[in-house]
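Have a look at this prediction, sequence included:
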Amino acid sequence: MPTSREGPFRVETLLSAEQIQARIQEMGAQITRDYQGKDLALVAVLKGSYVFLADLARAIDLPLTIDFMGISSYVGTKSTGVVRVTSDLNRPIEGLDVLLVEDIIDTGLTMQYLLENLGTRRPASLKLAAFLEKPSRAKVKIPIDYKGFVVEDQFLVGYGLDVDGKLRNLPYVGVLRGGL
Ligand SMILES: O=P(O)(O)OC[C@H]1O[C@H](OP(=O)(O)OP(=O)(O)O)[C@H](O)[C@@H]1O
Ligand code: HPA
Ligand SMILES: [Mg+2]
């Protein structure tokens, strides 16, 4: 796969923009079928999921709402293991069919915290759409209802994924090969 220079970083392409878009259309079609007649509320986890959310929401052909939960646990390329809430939902989710939208399940600690936290707010249902899963690093097992791709144990950037806040805007997913 090609390696690109992105400012001071070297990034090797793992998933091209075309591959990503094709998979998201499939995921959107599946979600559209599964949530017919339901009160679908997408809850996206900031910041990483914003790109996936924008594409996935437009691939779902249903009336839906979107809300955000701000969570952070990574500094540089390392999980601190401490999940920090940086902002809460604007609206209650009681009685709604909530679909959590997340960019990556790595150790699983962020999602473990969120599933527990949102579960106490009595949604009608609570499921998870995750763009990427990195099972080799899992510290807890997280059931993923809609999964984009399974990836190896490498630090990834692009399509919402950052290294120290940067490279979220790459239209593809790549492996960080140098620069930090
Ligand atoms: O499974 P885990 O090991 O918990 O890692 C996954 C989480 O880590 C990243 O977020 P981060 O804390 O970097 O915040 P960000 O979304 O603002 O980049 C990513 O967006 C997930 O939310
Ligand atoms: O591979 C990753 N890249 C960027 N952010 C992340 N947060 C968890 N895993 C990753
Ligand atoms: Mg991050």
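Nice, I can see it. Numbers count the residues shown, from 1 in each chain. Ligands and ions are numbered 1, 2, ... in the order given.

What's opposite the closest residue to Gly178 other than its chain neighbours in the beta bridge?
Spatial nearest neighbour of Gly178, chain neighbours left out: Arg10 (4.2 Å); criterion: CB to CB, 6 or more residues apart in numbering. Placement of C-beta: from N, CA and C, glycine included. On the basis of DSSP bridges, Arg10 is bridged to Arg5, Gly178.

Which stretches in the chain count as helices?
For the chain, applying DSSP state H gives helices covering 17-34, 50-58, 109-119.

between these, which gets nearest to Lys134?
helix 109-119 (11.9 Å; CB to CB).

can I get the helices of the chain in a markdown table with distance to ligand 3, mean pLDDT and mean neighbour count?
Listed next are these as a markdown table, based on distance: least, CB to the ion, whole Å; pLDDT from 0 to 100; neighbours: other CB atoms under 10 Å:
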| stretch | distance to ligand 3 | mean pLDDT | mean neighbour count |
| --- | --- | --- | --- |
| helix 17-34 | 18 | 98 | 15 |
| helix 50-58 | 11 | 98 | 18 |
| helix 109-119 | 10 | 94 | 17 |
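
Show me what from this protein comes close to ligand 1.
45-48, 71-74, 79, 102-110, 162 (CB under 6 Å from any ligand atom).

Contacting ligand 2 as well, which ones from the residues you listed?
Among the residues of the chain next to ligand 1, proximity to ligand 2 is found for 74, 104, 106, 162 (CB under 6 Å from any ligand atom).

Farthest pair within these?
The span of those, defined through CB to CB, is set by Asp106 and Asp162 at 12.9 Å.
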